[in-house]
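> Need coordinates for the following:
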Amino acid sequence: MTRSSVRTFDGAIVAGWHELAVTKRVGRPARELLATAVSAAIAHAGLTPADIDGFAVGGFTLAPDHAVDLAARSGLRVGWLAPQDPGGPGAINALLQAASAVLHGDATAVVCAAADTTDAVALATVNANFSTTFAETLTPIGAGAATVVFGLLQEEHRARTGSTRDDLGRIAVAQRRNGTRNAHALFRTPLTVAEYLASPPIVEPLHLLDCVFPGSGAAAFVVTTRETLGARARQAVRVDAGFTEHGGARPSQLDFGWSRHSAALYDAAGRGPRDLSLLELYDDFPLMVAVQLEELGFAERGDLRGFLDTHDLDIAGSLPVNTGGGMLSCGQAGGAGGYLPIVQALRQLAAQAGDTQVREAHSALVTGLGMIDQDGPQSIGAAILSAAAIGGR
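Predicted structure coming up:
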């Protein structure tokens with residue numbers, strides 16, 4: 001890649017959102033969860049289904065329904081339809097595509113949404129049918145889940161940077177502290193590094209408390225412009241800048257791509273790492289939080305422990321990270337997991353985050369990653385969002 005894919009989205013806002021808390025058991029079909037989240041997000045924006053003319057949707061367990069079926073089931077009739085590959089970066093991808101659509105006149109108000117229902121059977125089915133590359137390179141050696149890949153990546157990170165499980169445990173513990181304040185988190189019991197280290201091994205060096213818990217849920221948000229909303233605006237969060245990157249060979253195993261775009265992202269948004277109020281990072285494993293902190297310019301690679309010694313990741317700390325506890329506390333509802341960082345950032349920037357609210361939050365960095373092959377995530381993304389005043393407020 002010879003140039004950055006960072007784009008700016010001056011004028012695009014997110015006006016409403018909704019998230020169904022992740023549950024451990026499958027209660028309703030994914031399509032029903034999706035419709036519930038879509039309806040609630042539209043209402044939160046002060047709009048009606050008739051106001052929506054764009055729909056971006058993704059998920060692993062929505063088959064046999066297609067995007068058009070899901071639009072109809074959600075009570076929508078749209079002129080702009082964007083099916084999304086499921087997975088962690090799907091929400092960032094949908095956000096940026098929708099922002100571009102409303103700014104270029106392809107739509108006036110777009111709902112972005114994802115839902116999944118995940119139990120042991122569904123998860124096994126997803127893994128078995130994930131991709132040809134997955135089947136050709138991982139399944140033959142008995143590596144039927146992404147945990148094997150991330151175990152190898154964690155060992156590589158340890159060998160190259162000297163990181164330890166104690167270091168990664170401090171990230172997990174900090175996120176759980178934030179999660180104890182989130183009424184919607186699956187796991188709210190405080191965690192210690194000793195408990196993290198003593199959790200059962202899954203795929204060495206990964207243990208149980210390294211791994212996100214799969215569950216069922218849905219989330220949605222509405223992208224539009226201030227001009228479209230007018231006096232109906234209840235809350236608004238600006239989409240300042242963002243990028244996604246997909247596929248292709250990486251220069252090295254631990255180069256996932258954020259570092260190639262981070263400088264351009266900060267330049268486009270007019271904010272650097274020190275100017276952000278909080279970070280909402282995709283966190284299927286503590287390792288990936290550490291990697292993103294390094295690639296996005298917050299921590300120097302090789303000095304994770306020094307970074308953690310000098311930065312407090314708690315809600316009231318010097319660098320709040322995953323203020324609702326992240327997926328490690330809230331669970332991962334398949335493709336809807338990628339929406340969790342965005343929705344939590346939206347709550348923060350609209351001062352609607354309740355007990356997890358960061359004081360005077362004005363800007364946030366959100367990320368996504370996913371669609372795993374034998375080398376790790378094939379897709380990544382990041383965006384910077386900022387608070388927008390409504391009316392005289």
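
> Mind jotting down where the helices sit in the protein?
Secondary structure of the chain, counting by DSSP state H: helices at 30-44, 67-73, 90-103, 120-128, 132-137, 146-161, 165-179, 193-198, 226-229, 258-269, 286-295, 304-310, 326-330, 339-349.

> For the second one, what is the distance to the chain centroid?
Here helix 67-73 is found 23 Å from its chain centre; the criterion is C-alpha atoms, centre = their mean, to the nearest Å.

> contact partners of it?
R31, L34, A35, F55, V57, L62, D65, R77, V78, L81, A82, P83 (C-beta atoms under 8 Å, 6 or more residues apart in numbering). Heads up, the C-betas are built off the backbone N, CA and C, glycines and all.

> Let me have these in a markdown table, extended by pLDDT.
Converted to a markdown table, those look like this (pLDDT from 0 to 100):
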| residue | pLDDT |
| --- | --- |
| R31 | 95 |
| L34 | 97 |
| A35 | 97 |
| F55 | 98 |
| V57 | 97 |
| L62 | 92 |
| D65 | 92 |
| R77 | 97 |
| V78 | 98 |
| L81 | 98 |
| A82 | 97 |
| P83 | 95 |
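
> out of the helices of the chain, nearest to L186?
helix 326-330 (5.8 Å; C-beta to C-beta).

> could you give the mean pLDDT of that closest one?
Averaged over helix 326-330, pLDDT sits at 98.

> With stretch 304-318 instead?
97.

> What does R28 show for phi and psi?
phi -130, psi 160 (degrees, to the nearest 10).

> any idea how far Y339 is from the nearest residue to it once chain neighbours are set aside?
Excluding its sequence neighbours, the residue lying closest to R28 (C-beta to C-beta, 6 or more residues apart in numbering) is T117, at 7.5 Å. T117 sits 15 Å away from Y339, taking C-beta to C-beta, to the nearest Å as the criterion.

> More neighbours: which of these two?
Taking neighbours as other C-beta atoms under 10 Å, T117 and Y339 compare with Y339 leading, 33 against 26.

> Next one, pLDDT for that one please.
Looking at Y339, its pLDDT stands at 97.

> And the furthest pair within the contacts of helix 67-73?
Maximum distance among these (C-beta to C-beta): 18.8 Å, for L62 and R77.

> show me the contacts for V366.
So V366 contacts I92, E280, L281, P341, I342, A345, A382, A383, I384, L385 (C-beta under 8 Å, 6+ apart).

> want to throw those residues into CSV with neighbour count and distance to G335?
Converted to CSV, the contacts of V366 look like this (neighbours: other C-beta atoms under 10 Å; distance: C-beta to C-beta, whole Å):
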residue, neighbour count, distance to G335
I92, 28, 12
E280, 25, 17
L281, 25, 17
P341, 29, 13
I342, 28, 13
A345, 29, 18
A382, 29, 18
A383, 28, 17
I384, 25, 23
L385, 28, 20
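
> Distance to R170 for those - can I get that in CSV?
As requested, the contacts of V366 are exported to CSV (distance: C-beta to C-beta, whole Å):
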residue, distance to R170
I92, 26
E280, 19
L281, 15
P341, 20
I342, 25
A345, 23
A382, 23
A383, 26
I384, 26
L385, 27
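
> From these, pick the one nearest R274.
Using C-beta to C-beta, I384 is the member of those that lies nearest R274, at 13.2 Å.

> check contacts around that closest one.
I384 neighbours (C-beta under 8 Å, 6+ apart): D240, A241, G242, L265, Y266, A269, R271, L276, S363, A364, L365, V366.

> For the spatially most central residue of the chain, give its distance to Q352.
Centroid check for the chain by C-alpha atoms, centre = their mean gives G338 as the closest residue, at 3.2 Å. Going from G338 to Q352 by C-beta to C-beta gives 20 Å.

> Over to T61?
Distance, T61 to Q352, using C-beta to C-beta: 29 Å.

> before we move on, back to that, tell me which of L62 and R77 has more neighbours.
A direct count of neighbours by other C-beta under 10 Å for L62 and R77 places L62 higher, at 26 against 12.

> Make sure that one is actually in contact with T117.
No: if you go by C-beta atoms under 8 Å, L62 and T117 don't touch, sitting 9.3 Å apart.

> which residues do the two both contact?
With C-beta under 8 Å, 6+ apart, L62 and T117 have common neighbours A30.

> which residues of this protein score low on pLDDT?
Regions of the chain meeting the criterion pLDDT under 70 cover residues 1-3, 86, 123-124, 127-129, 134-136, 138-139, 141-144, 249-251, 374, 391-393.

> Break it into its domains for me.
Listed domain ranges for the chain are 9-119+216-237, 141-214+240-387 (source: automatic domain parsing).

> check contacts around I92.
Contacts of I92 by C-beta under 8 Å, 6+ apart are G242, T244, G338, I342, V366, T367, G368, G381, A382, A383.

> what do you get if the cut-off is 6 Å, keeping everything else the same?
Contacts for I92 (C-beta atoms under 6 Å, 6 or more residues apart in numbering) come out as T244, G368, G381, A383.

> Now distance to T161 too, for the residues you listed, in a markdown table please.
As requested, the contacts of I92 are exported to a markdown table (distance: C-beta to C-beta, whole Å):
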| residue | distance to T161 |
| --- | --- |
| T244 | 26 |
| G368 | 23 |
| G381 | 24 |
| A383 | 27 |
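
> Just the buried positions in stretch 157-176, please.
157-158, 161, 163, 165, 167-176 (16 or more other C-beta atoms under 10 Å).

> same thing with stretch 218-230?
Buried, per 16+ other C-beta under 10 Å, within stretch 218-230: A218, A219, A220, F221, V222, V223, T224, T225, T228, L229.

> for stretch 74-92, same thing?
74, 76, 78, 80-84, 86-92.

> Now do it: distance from first to last residue.
With C-alpha to C-alpha, to the nearest Å applied, stretch 74-92 spans 21 Å between its terminal residues.

> next one: stretch 84-94
Taking C-alpha to C-alpha, the first and last residues of stretch 84-94 lie 7 Å apart.
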